[in-house]
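Participant: Build me a model:
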Amino acid sequence: MSDHPAEQAEPAGMTPTGPRGATGPGGAPSADPARPWSGAERLVAAAASLCVGAWVPIMQGVTPGMIAALALLPVWLLVLCRTTVGRWTASLGALALLSGILLTASTESSRQVSSTVLRDNSMTLFAVVGGVGVLLWARSVTTTRDTATWFGVGAVLAMFLRTGGEANPWKYDYSLPVTILVLALCLRSRSRLLQICVALGLALVSALNDSRSAASMLLIVAAIVGWQAVRASLRVRSTALRTLLQTVLIVVVVFFAMQTLLLDGYLGEDAQARTEAQITTSGSVLAGGRPEIGAAVELLRANPFGIGAGALPRLEDLNTAKAGMAALGYDPDNGYVERYLFGSGFEVHSVVGDLWIHFGLAGLAFGLTVLVVGIGRLAREVATNSAPALLAYLVVQCAWDFLFSPFFSTSATALILLAGIALPLRPRRARLDAVT
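Facilitator: Residues are numbered from 1 along each chain as shown. Model prediction:
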C-alpha cells in the first residue's frame, strides 16, 4: 500500500508481478523520500503501531495506545494536519471531546452525571483520534503494510489478555484481531488468489463458530477481491462512483445469499432458528437481530443534539428507548435494557448512535468523516483494481459497526486502523494515493 505518488517505486528485493508502477499489496519506501529515516525511528514507529493495536487497559482505562499517542503528540499531529481531510478529522475529534464535556455539564440539572462514565467515554474517543494520528505518522516513517502488521500483532497480543467471550472465543475475542493480522500479512504478497482463499477460510471458521455477521463480511471481502481480478483480466477501469455502486451491489447479493444459506439450514439448526425468529419478529434479520436500533432512533429523536459523555439515563430515557424497541416487535421488558443498555450509562449498540448521544453532532460528524474517507478510499482503489482485502474488510467491518456494534474496544480498533491506512499522508496531486 503506497501512501502517495512518491511511494510508487518498487520495493528493493521484490520482483514485481504486474506492470511497473502498478499498485498492489507490496512494500514501499518511506513516504517522505526527502528525509532518511533512521533505524531508531522505524523501531519507534513499529512499537507505537503495536501499542495502538494492543487495546488493553493498564490502569483506570489507560491503554498502551493512549500513552503512545500522548508521547508522540507533536509528531503525529503535524503529519495528521498536512492534509485538509486530516485537519478536519483532528478538529472534529477535538470538538467532539469538548462537546461531550459541555453536553454533560448542560444536562446536569435534569440528569445525574458520572465523572467515571465521562472519563471512560472521553478516553475512548481520544484513543481513536490519537491512534489514527500515530498510525499515520508510522506510515510516514515505514510503510503501510508494516504499520498494519504491527498493529495486528498488538491486537492479537491484546486478545489473549482480555476476557469476556469465553462461551464463544472466536466470535467475541479472536475474530477481529486474527483477521486484521492475517490480512495485513497478505499485503506482503501480490496474489489476489491468496487473499481470496484467506478471506474464504476465515469466513468458514466464522460460520462454524456461529458468527454470522463475520462470515458474511468476509464473503463480501472475497467477492470484492475476486471482482477486481475479473475486472483486471478484462482491463476494466471505471470511476470511483460507478465502482462504489458495483460494490454496494456485491454487498446486497452476498447478504441475501448468506440469508438464504441460513434459512436453508446450511449453517446449522440454531442459526436457522434464530434467523427465522428475527425475520418473523421484525420483518428483517437486521432489525430483528439488532432491536437496539429502535432505542437509538427514539432517543436521538428526543435529543437531536446529543446527551453527554457523562450523562446517566433517567426513567424517561428508559421508557423512550423501550418504546422504540417495542416498535420493532421486540419485548424490552426482559432486564436486558435496564442492565446492559442503560445500567451504567447510555449504550445503544451502534457506533453512530453512541457517538451522537455521547458527543453530540460533532461526534456524529467525526465518525461519519472517518467512514466516508474509508469508503472513498476503497472506491478509488477498486476503480483501479488495486484494493487489498484488508482495506475492503475494514470498510465493511466499520460500516457494520456504525449501525450494529457498540463504540468500545473492538469497533474502535477497526475504526483506528481504517482511518490510519485510508487517510492521505500528503495533499493529493495528479496521481492517486494507492493503499498497498
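Participant: Setting aside sequence neighbours, what's the nearest residue to residue 135?
Facilitator: Nearest non-adjacent residue to residue 135, counting by CB to CB, 6 or more residues apart in numbering: residue 420, 2.9 Å away. All C-beta spots, glycine's among them, are computed from the backbone N, C-alpha and C.
Participant: name the element that neighbour belongs to?
Facilitator: Counting by DSSP states H and E, the element that carries residue 420 is helix 409-422.
Participant: what helices or strands is that helix leaning on?
Facilitator: Contacts defined by 3 or more CB pairs under 8 Å, 6 or more residues apart in numbering; DSSP states H and E place helix 409-422 against helix 39-53, helix 115-141, helix 144-161, helix 175-186, helix 351-383, helix 389-404.
Participant: mind listing what's buried in the second one?
Facilitator: Going back to what we said before, that points to helix 115-141. Using 16 or more other CB atoms under 10 Å as the test for burial, helix 115-141 gives 117-118, 120-141.
Participant: what angle separates it from helix 351-383?
Facilitator: 10 degrees (axes from the mean of the first three to the mean of the last three CA atoms, to 10 degrees).
Participant: before we move on, the earlier item: with just CA atoms, put the helix holding residue 420 into CSV.
Facilitator: Presented in CSV, the C-alpha positions along helix 409-422 are these (Å, rounded to 0.1, in the frame of the first residue of the first chain):
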residue,chain,number,x,y,z
SER,A,409,-12.5,-1.6,22.1
THR,A,410,-13.4,-3.9,19.2
SER,A,411,-15.2,-1.4,17.0
ALA,A,412,-12.7,1.3,17.9
THR,A,413,-9.8,-1.0,16.9
ALA,A,414,-11.2,-1.4,13.4
LEU,A,415,-12.0,2.3,13.1
ILE,A,416,-8.5,3.3,14.1
LEU,A,417,-6.8,1.1,11.5
LEU,A,418,-9.3,2.1,8.8
ALA,A,419,-8.6,5.8,9.3
GLY,A,420,-4.9,5.1,9.8
ILE,A,421,-4.4,3.5,6.4
ALA,A,422,-7.1,5.4,4.5
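Participant: Pull out the buried positions in that helix.
Facilitator: For helix 409-422, burial by neighbour count (16+ other CB under 10 Å) applies to 409-422.
Participant: Check the residues you listed against residue 146 and report the nearest one.
Facilitator: residue 421 (11.3 Å; CB to CB).
Participant: what's the distance between the closest one and residue 68?
Facilitator: 17 Å (CB to CB, to the nearest Å).
Participant: need the contact list for the closest residue to residue 226 other than its chain neighbours.
Facilitator: Closest residue to residue 226 apart from its sequence neighbours, by CB to CB, 6+ apart: residue 196 at 5.5 Å. Contacts for residue 196 (CB atoms under 8 Å, 6 or more residues apart in numbering) come out as 222, 225, 226, 229, 389.
Participant: re earlier: take the helices and strands packed on helix 409-422 and lay them out in TSV including mean pLDDT and distance to residue 93.
Facilitator: Listed next are the helices and strands packed on helix 409-422 as TSV, based on pLDDT from 0 to 100; distance: least, CB to CB, whole Å:
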stretch	mean pLDDT	distance to residue 93
helix 39-53	94	15
helix 115-141	95	4
helix 144-161	94	19
helix 175-186	96	22
helix 351-383	94	5
helix 389-404	94	16
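Participant: any chance of the ones you listed in CSV, with distance to residue 89 too?
Facilitator: Listed next are the helices and strands packed on helix 409-422 as CSV, based on distance: least, CB to CB, whole Å:
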stretch, distance to residue 89
helix 39-53, 15
helix 115-141, 7
helix 144-161, 17
helix 175-186, 21
helix 351-383, 6
helix 389-404, 14
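Participant: Which one, of those helices, ends up nearest to residue 100?
Facilitator: helix 351-383 (4.3 Å).
Participant: what's the angle from the closest one to helix 409-422?
Facilitator: Using the same axes, to 10 degrees: helix 351-383 against helix 409-422 is 30 degrees.
Participant: in helix 351-383, what's buried?
Facilitator: Within helix 351-383, the residues that qualify as buried are 351-367, 369-371, 373-383, counting by 16+ other CB under 10 Å.
Participant: For residue 137, which non-adjacent residue is closest in space?
Facilitator: Distance criterion CB to CB, 6+ apart; nearest residue to residue 137, sequence neighbours excluded, is residue 76 at 4.0 Å.
Participant: ok, the one you found to residue 89 distance?
Facilitator: Separation of residue 76 from residue 89 (CB to CB): 12 Å.
Participant: likewise residue 298?
Facilitator: Residue 298 is 30 Å from residue 89, by CB to CB.
Participant: backbone phi and psi for residue 309, please?
Facilitator: phi -70, psi -20 (degrees, to the nearest 10).
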